[in-house]
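Colleague: Sequence plus predicted model, see below.
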Amino acid sequence: MICLKDVKYTYPNGIVGLKGVSLKVEGNTLIGGYTGSGKSTLLRIFNGLIPNFYGGKLEGDVRIDTEVFFIGQNADEQIVASRVYDEIALHLLHRGYEWNEVDRRIKKVAKVCGIEELLNRRIFELSDGEKRLVTIASALASDCRCLALDEPFSNLHPRIADKILKILLRQDRIVVLSEHRIEFAEQFEEFFWMEDGRIVDIPELNDSVCGREFKSKETVVKVESITFGYDKPLFEDLSFDVKRGEIFAIIGENGCGKTTLLRLIAGTLKPWDGRIEVRGKIGMTFSFPNYHLFESRVDREVHPELLKLFDLEKLADRHPHSLSFGQAKRVAIAKAFCGDVVLLDEPTAGQDFKFRIKLLDVAKELGKTVIIATHDLKLAECCDDVLEIP
Amino acid sequence: MFSKYLRLVETALEDSDFEPRTCLISVLILTISAYSFRIDIAFTIILLTFAFNPKKTTAGLLASTPFMLFFAFASFILGGFEKIPTVIALICIGCLLYGIQPEKFSYALMFFRVPPKLAHSIAIAMRMFQILIRDFELTSEALRLSGAGGFSYYFKLPKAFSAIAVLRAFTMAEVLYSRGFDFDRRIVKCENPKLRDWLLLALSISIACYTYLTRNAL
């Protein structure tokens, strides 16, 4: 059981993460909240990362009488080993399990999660979604009585996310999940909502977005019969075009090549065959936002007008690398909007549902051509056109 | 051009499937042999590593071209030109060493009774090197996409990468902590060497014997 009473936490840099949180976790629990509301901070308290690793000032009563396996928000950062098998084995080996037992558990969990084919793969060959599955498999293979997962479904296809959630909730252990996808709430015994470092009453949540009729005829991105892959072809003879001011979504299963297609459009990868033509300057964000942050202050990264449009003014004087994953992602997205053609890889990962609306509104207001690779089907529904990669 | 170079480095650092214990012994023996500074031995080692590890050795040698050119220039002025084949042989041996998967490398070290703390630290350092090369590549790509070019690109890249490297080190430490990583735990797992591993070991020993027996012949 986990019990927190009037817990306040201040990070070593003086930023207040929690402002008096009281909660009791006795069963499967979902923690919702807007970006930067303190969900990740709360989960880090559960497994002792705060204050043992982060330092800072923790006040109030914290009682945790179980071992907690924690997985952070960005799957890419959560992996230590070089191969999938070794990554899942890592925790068990360091807990003193024999190889036979480790092997048995890994095979069992790989079968359950449907990642048997990935076991011998190198980590850098995996897509973000596949990396996410590997981190969840590590949690399932562990012997901890409580799993604390920070946005575990952000890079997963909804069908796979549903399957994994069912597996997690079937376990004979406590699952604490922080998630923006509030549609999962009814499957949990407890649902808390966080706002500004506090637990508050659950607000009325409306995540519907209005569509629009799109009229432009001018083509700005033309993809003609491209073929590309790594070991084997990912796309063969793929063609489509995107008009000026259009919001275009690319969807598909994990590992189908959505990010690769964005990189091909950006010109950082060259197709084996075919032609890609882009008219205008490209602005792009990878799924890990920090690659795009080069300055020492947020207001030096992003144009003041975009700072305002994306509600980033509060963060203007912060160092970009000191931001939470969700906040850094928002800054990187705002920065990408400097381009004429904006390529966004999983823009709603780490973002609350309000951002979905904001993103589309800003794109329409500025008249930018936006290509989005996403698993967020609600976002894709609101785009002008959708390409599904088989 | 620069991104192609980074991909070469990445390929050179990729792990392959050598059995770690026999590979470690072979690397040690070949390194001792290379330090005889004999051209015939150096070329034999280069040929051997090419035969066993062609893709990574080619990538490693191409990636170290700038360093080799600098070394050749310096040795032309300061002397030591004849040592270049030995340096190339050592780079080839390095590619062989990096052919061991980091985790298996640490298990092999612990098999040879190296203290677990040291073995785990070496494995993490090897893994971090692979991760950082990838981070460097993606930071460079992101910087190019942001429109930085020419001098501005080379000025901003080290600063941007340093921030990412610090962040990566921090998150790596955080993950190790949350996974309960125990630096004092001795983990040993030995797989049976394959024919290729035995052959590499046998040929390495042969080269070492030949080096020793012919030490006074030249």
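Modeller: That came through, no problem.
Colleague: Just the helices from the stretch 1-150 of chain A, written as ranges.
Modeller: A:39-46, A:84-94, A:99-113, A:128-141 (DSSP state H, counting those that start in this stretch).
Colleague: Next, format these as TSV and append distance to chain B and mean neighbour count.
Modeller: Heads up, the C-betas are built off the backbone N, CA and C, glycines and all. Formatted as TSV, the helices of the stretch 1-150 of chain A follow (distance: least, Cβ to the nearest Cβ, whole Å; neighbours: other Cβ atoms under 10 Å in any protein chain shown):
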stretch	distance to chain B	mean neighbour count
helix A:39-46	8	24
helix A:84-94	5	23
helix A:99-113	6	16
helix A:128-141	8	24
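Colleague: Same list as before, the ones you listed that is, but in JSON lines and with distance to B:Thr86 and mean pLDDT included.
Modeller: Shown next, in JSON lines, are the helices of the stretch 1-150 of chain A (distance: least, Cβ to Cβ, whole Å; pLDDT from 0 to 100):
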{"stretch": "helix A:39-46", "distance to B:Thr86": "51", "mean pLDDT": "93"}
{"stretch": "helix A:84-94", "distance to B:Thr86": "35", "mean pLDDT": "93"}
{"stretch": "helix A:99-113", "distance to B:Thr86": "40", "mean pLDDT": "94"}
{"stretch": "helix A:128-141", "distance to B:Thr86": "41", "mean pLDDT": "93"}
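Colleague: closest to B:Ile124 out of those?
Modeller: helix A:84-94 (11.2 Å; Cβ to Cβ).
Colleague: Quick one: list the elements packing against the closest one.
Modeller: helix A:99-113, helix A:128-141 (3 or more Cβ pairs under 8 Å, 6 or more residues apart in numbering or on different chains; DSSP states H and E).
Colleague: Sketch out the low-pLDDT regions of chain B for me.
Modeller: Applying pLDDT under 70 to chain B flags the ranges B:1, B:217-218.
Colleague: just the strands in chain B please.
Modeller: Assigned strands in chain B: none (criterion: DSSP state E).
Colleague: Would you mind giving the helices of the stretch 1-150 of chain A as a markdown table with distance to A:Cys256 added?
Modeller: What follows is the helices of the stretch 1-150 of chain A, written out as a markdown table (distance: least, Cβ to Cβ, whole Å):
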| stretch | distance to A:Cys256 |
| --- | --- |
| helix A:39-46 | 29 |
| helix A:84-94 | 19 |
| helix A:99-113 | 18 |
| helix A:128-141 | 9 |
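Colleague: most distant residue from the middle of chain B?
Modeller: Distance from the C-alpha centroid of chain B, by Cα atoms, centre = their mean, peaks at B:Gly147 (33.2 Å).
Colleague: tell me the contacts of that one?
Modeller: Shown in contact with B:Gly147 (Cβ atoms under 8 Å, 6 or more residues apart in numbering or on different chains): A:Lys281.
Colleague: Now do the strands in the stretch 151-300 of chain A.
Modeller: A:174-178, A:190-195, A:198-200, A:219-229, A:233-243, A:247-252, A:273-278, A:282-285 (DSSP state E, counting those that start in this stretch).
Colleague: Any chance of the helices and strands packed on helix A:84-94 in TSV with distance to A:Ala89 as columns?
Modeller: Shown next, in TSV, are the helices and strands packed on helix A:84-94 (distance: least, Cβ to Cβ, whole Å):
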stretch	distance to A:Ala89
helix A:99-113	5
helix A:128-141	8
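Colleague: Between these, which one is closest to A:Gly38.
Modeller: That would be helix A:128-141 among the helices and strands packed on helix A:84-94, by Cβ to Cβ, at 21.8 Å.
Colleague: What residues does A:Ile47 make contact with?
Modeller: Slight slip there: residue A:47 is Asn, not Ile. Counted by Cβ under 8 Å, 6+ apart, A:Asn47 has contacts A:67-70, A:148, B:178.
Colleague: just checking, which of the residues you listed belong to strands?
Modeller: Those of the contacts of A:Asn47 lying in strands (DSSP E): A:68-70, A:148.
Colleague: just to revisit the earlier point, between the contacts of A:Asn47, identify the one with the most neighbours.
Modeller: Neighbour count (other Cβ atoms under 10 Å in any protein chain shown) singles out A:Ala148 as the most crowded of the contacts of A:Asn47, with 30 neighbours.
Colleague: Let me know the closest of the contacts of A:Asn47 to A:Phe188.
Modeller: A:Ala148 (13.5 Å).
Colleague: Was I right to think the closest one contacts A:Thr41?
Modeller: No - under the contact definition of Cβ atoms under 8 Å, A:Ala148 does not touch A:Thr41, with a separation of 11.8 Å.
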